[in-house]
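S.K.: need a 3D model of the sequence below.
(2 chains)
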Amino acid sequence: MNLLKLSLAELNARERVQSLLDEGTYHELLDPFQRVKSPHLEPQGIIPQNDDGVVIAQGKIDGKRTLVISIEGAFQGGGIGEVSGSKIAGALELAIKDNREGRTIYPVILFDTGGVRLQEANYGLMSIAEIGSAIVELRDWVPVIGVIPGKVGCFGGMSIIAGLCSRLIMTREGRLGLNGPEVIEQEAGLEEFDSTDRPLIWGTIGGAQRVATGFADILADDDVEIIKDGIVSFMQPAEDEPRSAQVDQYFSLIKSVDPTAEWSPASAREFINQQGSPEFEPAPLSSEAEPSRGRTWFQALTGNQPSLSEDVPSFLCADAKLGEENARFLSIVPDAHHRFPRVRHGEVGLLEGWSIAHYVREAMEADEGEGGTPRPIVAIIDVPSQAYGHKEELFGLHQACAAAVNAYTTARLHGHPVIALIVGNAISGAFLSHGFQANRILAFDDAGVNVHAMSKQSAARVTRRTIEELEEATKKVPAMAYDIHSFNSLGALASLISGIDADSPAEEEVETVREKIVETIKEIREGGPNLKNRLTSENAVNGGRRASIDVRKKLAEQWK
Amino acid sequence: METLHFEYEAMEECHKRAHVGVVASGDLEVLLEPSTDQKASVTIRTGSEGFGDTWEKVLQRFFATHPVAVNIEINDFGATPGVVSIRLAQALEVSTDHEPA
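M.R.: Residues are numbered from 1 along each chain as shown, chains lettered A, B, ... in the order given. Next comes the predicted model:
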């Protein structure tokens, strides 16, 4: 009997995989000797790594075919770029194919990542959207098992991915949250989150708290054999829905959170485990509607309909005619009196994420029940960011975002044409949650339309550059730029709509947009439900996604 | 960022390739592959410019003790000479290990 503990967290990404797989079964795809590294780092003076910080291996765990994906937290903070992201997405896509054809393979993801690699910004976002889509699809066949052993933890867009996993194993050294403590302090100030307060950090996003509040399943000692046992125990059909699909329960829980109260790790545990507080009555809602592009276009496209969402005024939802049929429109808007102060400028917060999930699923269930054609779903996008706040992290903002991602993805896979219409900002976790899972993304050709992984100020600070240096770098790497033309060159946009006054459109401009959406719906119904078009578009093929396409091709060749 | 290149006479054969280390702060990635030429060839990509002399001394010492015919690629993120020497020794250990690859 081996009494010595072997720490998983202390191992590097490759050693972690080797330690978990049954002896002699390790088969790495795109190993470092193949030198498939990021083409975007050297032009910025950053040293690349030959596996781009992600290890993909097939092998066996407890005799069962397994795909292990391991992120190297020590290289660029485990940040997801084009190559590393495509390695993960591409491997999961191959696992879908195998499972669909009856060759069961269990996917296991070892997270150690800060999220999007800011030096490749929009490539990270696009890859994370593709990874999320693949996980939702995979869960129809096998549980997707996530492990957060600790060192960096799991943050940013990748925390949403963790929130999509069927099962999650964490150690006490693991941390899980949408926004890291430093980012919250930077965006919202020291009063919101003191990033030097270690008990606060661990009591909010640490493994013990996450498991105690149900955002993860097993709190494991940092020991290879114990974590392996946990993985093996999850390699069977899951009996319950994954967290990101348990919408009713979480939505009512979050609605009963009193954001004006002082919350401690202990009181949050108690509150969540009692399924919320039936006594909480939120203050009466304000009725004044602040102008915003999100509201303008929601009103224009729905013909000024009242929102179905009465208790969350920052979230607008209505069904309205689109061509010959009814479509569901969703938008997130500023609300100066929002009871969660951190979302008052139109950010995606807890209530917004769960609202998206609820109202997308409501449309899906209604159409399924009536046996009708799945109605189109239109996400109107003008979101400055996700919410940066302590309570947001404590109550699992990453999980709210995962629920939104899950709902849009499931709707798309079930035949609902999902269209994203970017009328303003589409930033980071907010865009991942609201719109990035659409079959097709449309955007206005307008200077006020921006797509990015982080605000310029924060991105400069996190990557230790001045704003001028950051802007210089965007000239070499279009994925780092904020403008919509640069984003368009990456191939993810289905169409750029010009000649529209985004702030105060005339009726004929609204009609032009409506026609464009109707035309796009037709294209979607003729094409497939997956996101492949983002890799086959003219701009993608002509260089925008060269590395993404190449990585997938090589993975397929080396897949066993 | 700069790229450095060094070559040394080498006659000892090695049979296996090796990969050690990570491009993490103060660390480096070493890719070692057997060479059929009677020489050792080292290419270094480093973020810390102006340390060519130090690299040369570290490598000279290494190949004086282990004249192995290899191609080495290094991606360096500010590793100290001590760390570089340890990583090179590790890579050599992996490449001369008689266990099957």
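S.K.: contact partners for the residue in chain B positioned nearest to chain A?
M.R.: Per C-beta to the nearest C-beta, the residue of chain B with the smallest distance to chain A is B:A24, at 3.4 Å. (Glycine included, C-beta is placed from N, CA and C.) Shown in contact with B:A24 (C-beta atoms under 8 Å, 6 or more residues apart in numbering or on different chains): A:A74, A:F75, B:F77.
S.K.: which residues in the stretch 201-350 of chain A form strands?
M.R.: Residue ranges of the strands in the stretch 201-350 of chain A, as given by DSSP state E, counting those that start in this stretch, are A:218-219, A:315-322, A:325-332.
S.K.: what lines up beside the second one in the sheet?
M.R.: Yep, that's strand A:315-322 we're talking about. Its sheet considered, strand A:315-322 pairs with strand A:325-332 (antiparallel) by DSSP bridges.
S.K.: excluding its own residues, what touches the partner strand? List them.
M.R.: If you take C-beta under 8 Å, 6+ apart as the criterion, strand A:325-332 is touched by A:294-295, A:297-298, A:301-302, A:314-321, A:346-348, A:352, A:356, A:359-360, A:363, A:373, A:375-383, A:430, A:434, A:517, A:521.
S.K.: repeat for stretch A:34-51
M.R.: When contacts are taken as C-beta under 8 Å, 6+ apart, the neighbours of stretch A:34-51 outside the stretch itself are A:14, A:30-33, A:52, A:72, A:75-76, A:81-84, A:87, A:119-120, A:123, A:473, A:476-477, A:479, A:546-547, A:550-551, A:554, B:1, B:19, B:22-23, B:29, B:31, B:45-47, B:73, B:75-77.
S.K.: pLDDT below threshold where in chain B?
M.R.: Residue ranges of chain B with pLDDT under 70: B:98-101.
S.K.: tell me the residues on it that lie near chain A, please.
M.R.: Within chain B, the positions near chain A by C-beta under 8 Å from any C-beta of the partner chain are B:1, B:17, B:19, B:22-25, B:27, B:29, B:31, B:33, B:45-47, B:73, B:75-77.
S.K.: ok so, going back, filter the contacts of stretch A:34-51 to the buried ones?
M.R.: Neighbour counting with 16 or more other C-beta atoms under 10 Å in any protein chain shown marks A:14, A:30-33, A:52, A:72, A:75-76, A:81-84, A:87, A:119-120, A:123, A:473, A:477, A:479, A:547, A:550-551, A:554, B:19, B:22-23, B:29, B:31, B:45-46, B:73, B:75-77 as buried within the contacts of stretch A:34-51.
S.K.: and the next helix or strand past whichever strand in chain A runs longest?
M.R.: Scanning chain A for the longest strand, with DSSP state E as the assignment, gives strand A:418-427. Later in the chain than strand A:418-427, the nearest helix or strand by DSSP states H and E is helix A:428-433.
S.K.: and that next one, which residues are buried?
M.R.: A:S428, A:G429, A:A430, A:F431, A:L432, A:S433.
S.K.: contacts with chain B among the residues you listed, please.
M.R.: Counting by C-beta under 8 Å from any C-beta, no member of the buried residues of helix A:428-433 reaches chain B.
S.K.: which of the residues you listed lies closest to A:R461?
M.R.: The shortest distance between A:R461 and any of those, using C-beta to C-beta, involves A:S428 and amounts to 14.8 Å.
S.K.: show me what contacts the closest one?
M.R.: A:S428 makes contacts with A:V116, A:L125, A:G156, A:G157, A:S385, A:Q386, A:H452, A:A453, A:M454, as judged by C-beta under 8 Å, 6+ apart.
S.K.: okay, buried residues for stretch A:268-275 please.
M.R.: Judged by neighbour count (16+ other C-beta under 10 Å), stretch A:268-275 contains these buried residues: A:A268, A:R269, A:F271, A:I272.
S.K.: what pLDDT does the model give the closest residue to the second one other than its chain neighbours?
M.R.: To tie it back to what came earlier, the one meant is A:R269. The spatial neighbour of A:R269 that comes closest, neighbours along the chain excluded (C-beta to C-beta, 6 or more residues apart in numbering or on different chains), is A:A212 at 5.0 Å. The predicted structure scores A:A212 at 98 on the pLDDT scale.
S.K.: and for the one 4 residues further on?
M.R.: Looking at A:A216, its pLDDT stands at 98.
S.K.: okay but it is in contact with A:L176, surely?
M.R.: Yes - in this structure, A:A216 sits in contact with A:L176. The criterion is C-beta atoms under 8 Å, and the distance is 6.7 Å.
S.K.: burial measure for A:G372, as a count.
M.R.: By the measure other C-beta atoms under 10 Å in any protein chain shown, the count of residues near A:G372 is 11.
S.K.: also B:Q38?
M.R.: Here the count is done by other C-beta under 10 Å, and B:Q38 has 12 residues near it.
S.K.: for it, give its distance to B:E7.
M.R.: Noted for B:Q38: a distance of 11 Å to B:E7, by C-beta to C-beta, to the nearest Å.
S.K.: touching stretch A:308-319 from outside, list them.
M.R.: Stretch A:308-319 is touched from outside by A:255, A:282, A:285-286, A:294-295, A:298, A:302, A:305-307, A:326-335, A:338, A:343, A:346, A:349, A:351-352, A:355-356, A:359, A:363, A:375, with contacts defined as C-beta under 8 Å, 6+ apart.
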